[in-house]
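> The amino acid sequence is not available; the structure is as follows:
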């Protein structure tokens, strides 16, 4: 029975080769309840949290000083969508290898229950689908799902011209799978966004030549990269020898009938992992692969008369390409929060039933004060982050509907969601497992999936990289505002004082990258400490919101069977 709870050679701006130069410039009342009746209602005086046998009772957000966001009305029946969506993913726990898992996603795509265009037309539905999957279990299928709908299809939605976007209907109708080829071997999650894969425009052939110049530039850890026949690849666009930075190209990886690799493409499976082996991860090389002119997703830039041109007023830049990283970070943050909460709910139910011997006789594990304290603290911290994250989603949904790029404050807020939601989930789940004994070692409890929280930490931008970006941007603000303003602000504000002090420590390095590297290493604690203060400000002052659905624990033990010959069956 279900238990419910009403409730990027180019780089991402972070501390890296280009960003260090930017650092050198720094010289001088209760939030609403979680849907007791699946509605957006706010009780005036919520009851205190209830535990023990009342596992299905309403839990409330614990914050008391935030303002509830005024969310736009939902344009779909979320209860009907929930029922229909879950019916199409019911076999996910038994699909333990990439062949089976990808087959389920193909069927799901073809149903149209969630359309690729829902990211713009009904973004609440897009994010809800991610949360629903996490109630079943935070596994590899959730990553496969978000790669398909967010990174692959979402990149086409955000970067393609209207005529190009028309291909999405055919892709969905056929149930074709795609991947997003961005990360490279020597540009992993701890080194910012680097793109060394090249796409050279050849005027004689009127096509692009996609090439991996060395092994370090091979696309790496590409989720769904082995089973997908299509892909969006990020490569450095060069015209007449001049680099124009990272651009997105639509390409075919495999023959859609035979699933044989197209000429010039080499793909290797990354191998077995500690978790989520239902998801294929691939390393991909390109050997002078020819792409047609139409492969360039050209909403913002194009090739005209063999020259690179900007299309419209918005220029192509990393923030444009990174739109899907924004939605991905938001979806991952929400999924991690819900997964952690569901795990607590399931464990609490077990603890209610588990009998222990006490000094005065038998008692339930749930009555033990140390476990009770962990549960109370976890629910409070998770609920606070759910309120903040839901408020950020409301702001992001507005951008998605209007087709606008999030402003700097929203980009930072999304980063905070990604950083803090994962940290809270990891920390609270760890504290929980320490208090429930051997139960945390058993398959089927949900604890077998905890390594997925680590995956959440480095997916779509490692948390450390995001923290570095927060600090870098804060120091740029110090430099822009001038020393006087910085000193005045530091008198009353801990974040301002920390930023001013850190800027003074990094100032002697100037634009000398070697000196800056040394200074950053010496002050790494302060770098991350400032980021934490920025995070706390966003959480404290951000407008809060609420998700449109109750949290429901639907964890189903995944099958332990695994077909090692899955590559022959895709």
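Cool, the structure landed. What you see is a predicted model, and the numbers here were worked out from it, not measured in a lab.

> Quick check: phi and psi on the residue lying farthest from the centre of the chain?
Distance from the centre of the chain peaks at residue 360, with 48.5 Å (CA atoms, centre = their mean). Dihedral pair for residue 360: phi -110, psi 20, per degrees, to the nearest 10.

> same for the longest helix that the chain contains, what does it pack against?
Identified as the longest helix of the chain according to DSSP state H is helix 369-402. Under the contact definition 3 or more CB pairs under 8 Å, 6 or more residues apart in numbering; DSSP states H and E, helix 369-402 sits against helix 118-121, helix 123-136, helix 323-353, helix 408-433, helix 524-541. Backbone N, C-alpha and C define where each C-beta goes, glycine included.

> Same list (the ones you listed) but as a markdown table, adding mean neighbour count.
As requested, the helices and strands packed on helix 369-402 are exported to a markdown table (neighbours: other CB atoms under 10 Å):
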| stretch | mean neighbour count |
| --- | --- |
| helix 118-121 | 20 |
| helix 123-136 | 24 |
| helix 323-353 | 25 |
| helix 408-433 | 22 |
| helix 524-541 | 17 |
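
> In a markdown table: those helices, plus distance to residue 462.
Converted to a markdown table, the helices and strands packed on helix 369-402 look like this (distance: least, CB to CB, whole Å):
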| stretch | distance to residue 462 |
| --- | --- |
| helix 118-121 | 24 |
| helix 123-136 | 20 |
| helix 323-353 | 11 |
| helix 408-433 | 9 |
| helix 524-541 | 12 |
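
> element containing residue 233, please.
strand 230-239 (DSSP states H and E).

> helices or strands next to the helix or strand just after that strand in the packing?
As assigned by DSSP H and E, the chain's next helix or strand after strand 230-239 is strand 242-252. In terms of contacts (3+ CB pairs under 8 Å, 6+ apart), strand 242-252 is packed against helix 153-159, strand 207-211, strand 230-239, strand 289-292, helix 318-321.

> 6 Å - rerun?
Judged by 3 or more CB pairs under 6 Å, 6 or more residues apart in numbering; DSSP states H and E, strand 242-252 is in contact with strand 230-239.

> any weak-confidence spans in this protein?
1-73, 188-193 (pLDDT under 70).

> Show me what the strand holding residue 233 is in contact with.
152, 155, 176, 178-182, 195, 197-201, 210, 243-244, 246-253, 308 (CB atoms under 6 Å, 6 or more residues apart in numbering).

> re earlier: residues contacting the residue farthest from the centre of the chain?
Contacts of residue 360 by CB under 6 Å, 6+ apart: none found.

> any idea how far residue 373 is from it?
Separation of residue 360 from residue 373 (CB to CB, to the nearest Å): 20 Å.

> Show me which positions of the longest helix of the chain end up buried.
371-372, 374-375, 378-397, 399-401 (16 or more other CB atoms under 10 Å).

> so that helix versus helix 123-136, what angle?
Helix 369-402 runs at 150 degrees relative to helix 123-136, counting by axes from the mean of the first three to the mean of the last three CA atoms, to 10 degrees.

> Pull the contacting residues for the spatially most central residue of the chain.
The residue lying closest to the centre of the chain (CA atoms, centre = their mean) is residue 329, at 2.7 Å. By CB under 6 Å, 6+ apart, residue 329 lies in contact with 414, 418, 460.

> Nearest residue to residue 463 in space, please, no chain neighbours.
residue 419 (4.7 Å; CB to CB, 6 or more residues apart in numbering).

> how near is residue 430 to residue 424?
Residue 430 is 11 Å from residue 424, by CB to CB.

> One more: residue 340?
For residue 340, the distance to residue 424 - CB to CB - is 7 Å.

> what do the two both touch?
Between them, residue 340 and residue 424 share no contacting residue, judged by CB under 6 Å, 6+ apart.

> picking up where we left off before, okay, now the sheet partners of the strand holding residue 233, with direction.
Strand 230-239 sits in its sheet next to strand 178-181 (parallel), strand 198-202 (parallel), strand 242-252 (antiparallel), going by DSSP bridges.

> So which bits of the second one are buried?
I take that to be strand 198-202. Applying 16+ other CB under 10 Å to strand 198-202 flags 198-201 as buried.

> what's the offset of that strand from the middle of its chain?
30 Å (CA atoms, centre = their mean, to the nearest Å).

> Need the residues that contact it.
For strand 198-202, contacts defined as CB under 6 Å, 6+ apart pick out 208-211, 235-239, 303.

> rewinding a little: want to try JSON lines for the strands paired with strand 230-239, with distance to residue 83 as columns?
Compiled in JSON lines, the strands paired with strand 230-239 are given as follows (distance: least, CB to CB, whole Å):
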{"stretch": "strand 178-181", "distance to residue 83": "27"}
{"stretch": "strand 198-202", "distance to residue 83": "44"}
{"stretch": "strand 242-252", "distance to residue 83": "34"}
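
> which of those is buried the deepest?
strand 178-181 (a mean of 28; mean count of other CB atoms under 10 Å).

> what about that strand, distance to the chain center?
With CA atoms, centre = their mean, you get 15 Å for strand 178-181.

> Stretch 124-134 now?
Relative to the chain's own centre, stretch 124-134 is displaced by 12 Å; criterion: CA atoms, centre = their mean.

> ditto for stretch 246-264
25 Å.

> which residues touch it?
Outside stretch 246-264, the residues that touch it by CB under 6 Å, 6+ apart are 10, 155, 159, 195, 229-234, 237, 265, 287-289, 291, 295-297, 321, 570.

> Buried subset of the residues you listed as a PyMOL selection?
Of these, the buried ones can be selected in PyMOL as follows, counting by 16+ other CB under 10 Å:
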select buried, resi 10+155+159+195+229+230+231+232+233+234+237+265+289+291+295+296+297+321+570
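
> hmm, back to that, any idea of the angle the longest helix of the chain forms with helix 408-433?
Using the same axes, to 10 degrees: helix 369-402 against helix 408-433 is 150 degrees.

> Please name whichever of the strands paired with strand 230-239 is nearest to residue 166.
With CB to CB as the measure, strand 242-252 is the member of the strands paired with strand 230-239 nearest residue 166 (12.1 Å).

> what's the first-to-last distance across stretch 284-293?
Using CA to CA, to the nearest Å, the end-to-end distance of stretch 284-293 comes to 22 Å.

> Return the distance of residue 84 relative to residue 112.
For residue 84, the distance to residue 112 equals 10 Å [CB to CB].

> now do residue 486
Where residue 112 is concerned, residue 486 sits at a distance of 54 Å (CB to CB).

> which of these two has more neighbours?
The neighbour comparison of residue 486 against residue 112 (other CB atoms under 10 Å) goes to residue 486, with 21 against 12.

> Return the residues in contact with the more buried one.
By CB under 6 Å, 6+ apart, the contact list for residue 486 reads 478, 500.

> quick one on the thing from earlier: tell me which of the helices and strands packed on helix 369-402 lies nearest to residue 505.
With respect to residue 505, and counting by CB to CB, the nearest of those is helix 524-541 at 7.1 Å.
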